[in-house]
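Chemist: After the sequence you'll find the predicted model.
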Amino acid sequence: MAQQYDLVVIGGGPGGYEAAIRAAQLGYKVACIEKRVHNGKPSMGGTCLNVGCIPSKALLDSSHRYESTQHDLQAHGISTGDVSIDIGTMQARKTKVVEQLTGGVAQLLKGNGIDWLQGTGKLLAGKKVEFVSLDGGEAQTLEPKYVILASGSVPVNIPVAPVDETLGDKAVIVDSTGALAFDQVPATLGVIGAGVIGLELGSVWRRLGSQVVIFEALDSFLPMADKALAKETQKVLTKQGLDIRLNAKVTATEVKDGKVVVKYNQAGEDKEQTFDKLIVCVGRKPYAEGLLSEDSGIKLTERGFVEVDDQCKTSIDGVYAIGDLVRGPMLAHKAMEEGVMAVERIHGHAAQVNYDTIISVIYTFPEVAWVGLSEEAAKEKGIEVKTGQFPFAVNGRALAAGEPAGFVKFVADAKTDRLLGMHVLGSNAGDMVHQGMIALEFVSSVEDLQLMTFAHPTLSEAVHEAALSVDGRAIHA
Ligand code: FAD
Ligand code: NAI
């Protein structure tokens, strides 16, 4: 191939495309290889833009508006008559949002002089990259100075509930991609896994009218979250109508007459229930199929992740790996920052992702968000902790908006007053938690937050009050 590149990025998800853009900004000649075809067209943006973050949030927004219009407006004196939703229109809006963003990324690449090579990339020995175009043709070999592997992840499949991708709309057992594309509301919906996808997509279809049952194998709910946060979240989501069954292991499924019978064991008792659709969302696994030749020299971990150090360097000099393909949380913002870090490192800058301040958000309503250590994790580390919590139920702005659910909680070091974690359940938690992230990055003490002036009336006043309550000083509690 005539064109030689400084950097070849394999994978055009949030990790890959951000790495490509940052490298182009720094003056590198870059190619980004992406093989995804979405709705019949080659598409940039990876899982996140095509079948992940963005379409799920589009549906969360539509379904929230629908539910809120039905139930929340009367209190304001607003009557609407019968409220209905056209699922086709809702899905078409989702597709438009996805296309706007994936098209936008393609334009950004073009504007930065990056070549989007549409097809499959494979790392060969000696840091070479084989490229096979989507439209066939002979494989080409590229010899870049640097390579970034960013091939992302795919859903985990479980033998007891096989997802049949070949059935398209007719599939009864689906993964998250199928669950984003239902063309009608299933009257009954089973979900395996009470993780992030189960709660978000379970909420979407419940709001639109499905009766949703979530089967979770573990006996605890959101075990990675602060216990108080998980407990209140479970209470709120259950009250909304999500039937969350813990300690419930699905042992078999049977598709019969267009429905699915789910057999499960809950706390030692065998039971079964029939659903119109079943979503399997039991986690995701790194995707490296066809990515590496046998002699590429890249090491994989037992679980199939590409082995990297803290700066995303692989075992081969000049080859980096980022995002869902490597250790750490499978989140778009983590992938993006790793992409930028890898490029900055290539350029000789001492960039570093702070893995201690990666934010988690679950986009239910209210939202669930946290950053830093939970109370339990801090105690496990042997830290003497102090905590403070403030409910939105006594926050003026939350009451004015009719959104009183949830609270802000801080976890701090009792000896040094250093802030360790922030945990929020609330209508705007995903945005609000960034205050905690910034405070953690600046190694803030609780007193720092206590001494700041927060605007009135805002939801953020609950942040101030939660900080004050760490020392028993909250004014409105
Ligand atoms: P990906 O986005 O998976 O992109 C990798 C790309 O590489 C793919 O497009 C693939 O086609 C391509 N590729 C793979 N192999 C090759 C090859 N050999 N040659 C060429 N191309 C290749 N995260 C959040 O932070 N917030 C959210 O709200 C959120 N919501 C989500 C909702 C759902 C339903 C799902 C499934 C995920 C969600 N995620 C969310 C997770 C997020 O999508 C991922 O963490 C993120 O996309 C990872 O980015 P990545 O760049 O590592 O990989
Ligand atoms: P997850 O890891 O969040 O949750 C999976 C759940 O399934 C866990 O609670 C697990 O205990 C349970 N489980 C596993 N095997 C099971 C079985 N056989 N039967 C019953 N339950 C079982 O994974 P999920 O929801 O599939 O999401 C994958 C990833 O995608 C997330 O971890 C996250 O990284 C990313 N994501 C992020 C979002 C966000 O940031 N808002 C939204 C959606 C996905």
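Modeler: Perfect, thanks for sending it. Numbering: from 1, shown residues only. Ligands and ions are numbered 1, 2, ... in the order given.

Chemist: Provide the partner residues of the closest residue to residue 359 other than its chain neighbours in its beta bridges.
Modeler: Distance criterion CB to CB, 6 or more residues apart in numbering; nearest residue to residue 359, sequence neighbours excluded, is residue 371 at 4.7 Å. (C-beta placed from N, C-alpha, C; glycine too.) Following DSSP bridges, residue 371 is listed with bridge partners residue 422.

Chemist: Would you confirm that residue 371 contacts residue 357?
Modeler: Yes: taking contacts as CB atoms under 8 Å, residue 371 lies within contact range of residue 357: 5.8 Å.

Chemist: between these two, which one's more packed in?
Modeler: The residue with more neighbours, out of residue 371 and residue 357, is residue 371; 25 against 15, by other CB atoms under 10 Å.

Chemist: In the stretch 301-450 of the chain, what residue spans correspond to helices?
Modeler: Using DSSP state H, counting those that start in this stretch, the helices found in the stretch 301-450 of the chain span residues 332-346, 375-380, 396-400, 429-441, 446-450.

Chemist: Now do the shared contacts for residue 371 and residue 357.
Modeler: 437, 440 (CB atoms under 8 Å, 6 or more residues apart in numbering).

Chemist: With respect to ligand 2, which of the helices of the stretch 301-450 of the chain lies nearest?
Modeler: Of all the helices of the stretch 301-450 of the chain, the one in closest proximity to ligand 2, counting by CB to the nearest ligand atom, is helix 332-346 (7.4 Å).

Chemist: List the contacts of that closest one.
Modeler: Helix 332-346 is contacted from outside by 7, 9, 13-20, 22-23, 26, 28, 48, 52-53, 146, 148, 150, 152, 311-313, 318, 320, 322-324, 326, 328, 350-353, 355, 358-359, using CB under 8 Å, 6+ apart.

Chemist: Which parts of the stretch 1-150 of the chain are strands?
Modeler: Applying DSSP state E, counting those that start in this stretch to the stretch 1-150 of the chain gives strands spanning 7-10, 30-34, 37-38, 41-42, 115-123, 129-133, 140-142, 146-149.

Chemist: what separates the third one from the chain centre, distance-wise?
Modeler: Strand 37-38 has its average C-alpha position 20 Å from the chain's average C-alpha position, going by CA atoms, centre = their mean, to the nearest Å.

Chemist: Against which helices or strands is that strand packed?
Modeler: Using 3 or more CB pairs under 8 Å, 6 or more residues apart in numbering; DSSP states H and E, no helix or strand is in contact with strand 37-38.

Chemist: touching ligand 1 at all, that strand?
Modeler: No: using CB under 6 Å from any ligand atom, strand 37-38 stays clear of ligand 1, with a minimum separation of 8.8 Å.

Chemist: my guess is residue 15 contacts residue 150, does it?
Modeler: Yes: between residue 15 and residue 150 there is a contact at 4.3 Å, judged by CB under 8 Å.

Chemist: Spit out the residues that contact these two alike.
Modeler: With contacts taken as CB under 8 Å, 6+ apart, the residues that reach both residue 15 and residue 150 are 46, 322-323, 335, 339.

Chemist: Looking at the residues you listed, which is nearest residue 390?
Modeler: Closest to residue 390 out of those is residue 335 (33.0 Å), distances taken as CB to CB.

Chemist: Counting neighbours, which bits of stretch 15-29 end up buried?
Modeler: 15-24, 26, 28-29 (16 or more other CB atoms under 10 Å).

Chemist: ok so, going back, dump the strands of the stretch 1-150 of the chain into TSV; add mean pLDDT and mean neighbour count as well.
Modeler: Supplementary listing: the strands of the stretch 1-150 of the chain in TSV, determined by pLDDT from 0 to 100; neighbours: other CB atoms under 10 Å:
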stretch	mean pLDDT	mean neighbour count
strand 7-10	98	29
strand 30-34	98	28
strand 37-38	96	14
strand 41-42	97	14
strand 115-123	98	21
strand 129-133	98	19
strand 140-142	97	15
strand 146-149	98	28
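
Chemist: can you tell me which of the ones you listed comes nearest to residue 271?
Modeler: Among these, the nearest to residue 271 by CB to CB is strand 37-38 (38.4 Å).

Chemist: Touching that closest one from outside, list them.
Modeler: 43, 50-51, 98, 102, 134.

Chemist: Sheet partners, orientation included, of that strand?
Modeler: strand 41-42 (antiparallel).

Chemist: Any idea how far the partner strand is from the middle of the chain?
Modeler: Here strand 41-42 is found 23 Å from its chain centre; the criterion is CA atoms, centre = their mean.

Chemist: That one near ligand 1 at all?
Modeler: No: figure legend: strand 41-42 not in contact with ligand 1 (CB under 6 Å from any ligand atom); closest approach 10.0 Å.

Chemist: Touching that strand from outside, list them.
Modeler: Here strand 41-42 makes contact (CB under 8 Å, 6+ apart) with 34, 36, 118, 134.

Chemist: out of the shared contacts of residue 15 and residue 150, who's near ligand 1?
Modeler: Intersecting these with the contacts of ligand 1 gives 46, 323, 335 (criterion: CB under 6 Å from any ligand atom).

Chemist: The second one: neighbour count?
Modeler: This points to residue 323. 35.

Chemist: what about it, distance to ligand 2?
Modeler: With distances taken as CB to the nearest ligand atom, to the nearest Å, residue 323 is found 11 Å from ligand 2.

Chemist: Kindly report the same for residue 471.
Modeler: For residue 471, the distance to ligand 2 - CB to the nearest ligand atom - is 32 Å.

Chemist: Point out the residues in the stretch 201-350 of the chain that sit beside ligand 1.
Modeler: Residues of the stretch 201-350 of the chain lying close to ligand 1 by CB under 6 Å from any ligand atom are 287, 290-291, 323-325, 330-333, 335.

Chemist: Many thanks, I have nothing further to ask.
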